[in-house]
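# What shape does this take:
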Amino acid sequence: MTALLQRYGIGLTGAILLVTLFWVIVMVLGPQLLMIDYSFRPNLPLNQRGGPEDVYTLANYATLFGNSIHLNIFIKTIWASALVTAVTLLVCYPIAYFLAQVVTPQRASLFVLLLVIPFWINEILRTFAWWIILAYAGPLNQVLQFLGLIDQPVRFLAGNGGVIIGMVYAYILFMVFPLYNAIESLDRNQIEAARDLGAPAWRIHTRIVVPHAKPGIATGCIMTFMLAAGSYAVPALLGSPGSRWFTEVIYDWFFQGGNWNQGAAYAFILLVLCMAFILGMMKVFRVGLGDIAK
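Numbers count the residues shown, from 1 in each chain. Here you go, the predicted structure:
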């Protein structure tokens, strides 16, 4: 605060604080608190709100555990989001290590640009592109048949496979960049010293690179899991009726069922799950908020 006052003066510092408070309270805390309030109230007509029946209740939360279909979708969303996170980590770790420790900084900048350019296109359009690629008569099946790897086209969009592939691609940058930032700060001399001492590649990664990149791994996993669990566009476009995502159920409560209170309860349960995942990642990798913020 003192540094801000000295640098910008009282007027500009006050304006920055007001804008920040407005953003946090009105755009972040306000909607969340309103959602929580909605989740504990019954869905009543306007003329009955504020009346004797408008009381706080846990009925909206009990609905999830009393509805086996929605509960199964919720559980599936959890493990599928964790699977997306794990696959994204496996895909992005070699890329991040290659960019941070193998190529020169000039070539790394070029490769990063090549990674970023596709994401200049809207997420919906990129998801539709994957829908075309994974379609029953799409180019992927045609190539696999041409190479003789399959006899009949595979229905990639019939289950969760298409959704997982689309999500890994959609959120790859949110894993690559935290890993890249963490691995880039590792002194290459440590890796060279381990090689000179005869350490195999897998031991160099498990004993040197991975422990050093723990904050980046935790950050990437947190961001990827939260985006995957809260995604709507990708499962709606690449999923089948048998691979519904929990966010689609929430959407139905809000916009098709007209029950905002039930949708708010489901959304709050998903929010609590994401917060629990964040705390779990911090505990597993033994990092704090300060380490993640770096």
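
# Spit out the contact partners of the residue nearest the centre of the chain.
With distances taken as C-alpha atoms, centre = their mean, residue 227 lies nearest the centre of the chain, 2.3 Å away. Residues in contact with residue 227 (C-beta atoms under 8 Å, 6 or more residues apart in numbering) are 167, 170-171, 174. Quick note: C-beta positions are derived from backbone N, CA and C, even for glycine.

# Which ones among those residues lie within helices?
167, 170, 174 (DSSP state H).

# For the residue sitting furthest away from the middle of the chain, give its distance to residue 26.
Ranked by distance from the centre of the chain (C-alpha atoms, centre = their mean), the top residue is residue 52, with 41.1 Å. According to C-beta to C-beta, to the nearest Å, residue 52 and residue 26 sit 32 Å apart.

# With residue 138 instead?
45 Å.

# and those two? which has more neighbours close in?
Set residue 138 next to residue 26 and count neighbours by other C-beta atoms under 10 Å: residue 138 wins out with 16 against 10.

# Was I right to think that one contacts residue 130?
No - using C-beta atoms under 8 Å, residue 138 is not in contact with residue 130, being 9.4 Å away.

# Quickly find the element holding residue 190.
helix 188-196 (DSSP states H and E).

# What of residue 84?
Per DSSP H and E: helix 68-97 holds residue 84.

# So what's the gap between that helix and the chain middle?
Helix 68-97 sits 9 Å away from the centroid of its parent chain (C-alpha atoms, centre = their mean, to the nearest Å).

# May I see the buried residues of that helix?
70, 73-74, 77-78, 80-82, 84-85, 87-89, 92-93, 95-97 (16 or more other C-beta atoms under 10 Å).

# How about stretch 32-39?
35, 38-39.

# Columns secondary structure on top of those, output as CSV?
Formatted as CSV, the buried residues of stretch 32-39 follow (DSSP: H, G, I helix; E, B strand; the rest coil):
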residue, secondary structure
35, helix
38, helix
39, helix
